[in-house]
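A.B. asks: no sequence on this one, just coordinates:
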């Protein structure tokens, strides 16, 4: 009998993808907060806030690593099934 994957089971790389999405969203919020004073004409935020905006790229890289891990696991599974 074949093993059946549960619909809510987490596959390889899923945690990295979710963590990357959260980090990306935090970076997106930091970017909006950082850019808002420039449009509103108020005092800009300190420089470290611009650094927090870089979280968007970090989150993208984390999610990409999760995708590569999921792809590699899928290839290993396909290779094992074809034998």
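C.D. replies: Thanks, I have the structure now. Bear in mind that the values here come from a model prediction, so they are computed numbers and not experimental data.
A.B. asks: which residues in this structure form strands?
C.D. replies: Shown for the chain, no strands are assigned by DSSP state E.
A.B. asks: quick one: residue 28 and residue 54 touch, right?
C.D. replies: No. Between residue 28 and residue 54 there is no contact under CB atoms under 8 Å: 11.5 Å. From N, CA and C alone the C-beta is placed, and that goes for glycine too.
A.B. asks: what's in contact with the lowest-mean-pLDDT helix or strand in the chain?
C.D. replies: Here the helix or strand of the chain ranked lowest by mean pLDDT, DSSP states H and E is helix 47-52, holding a mean of 86. Residues outside helix 47-52 that contact it (CB atoms under 8 Å, 6 or more residues apart in numbering): 26, 27, 30, 33, 34.
A.B. asks: Let me know how buried residue 59 is, in neighbour terms.
C.D. replies: 20 (other CB atoms under 10 Å).
A.B. asks: Next, the buried residues of the least confident helix or strand of the chain.
C.D. replies: Residues residue 52 are the ones in helix 47-52 that count as buried (16 or more other CB atoms under 10 Å).
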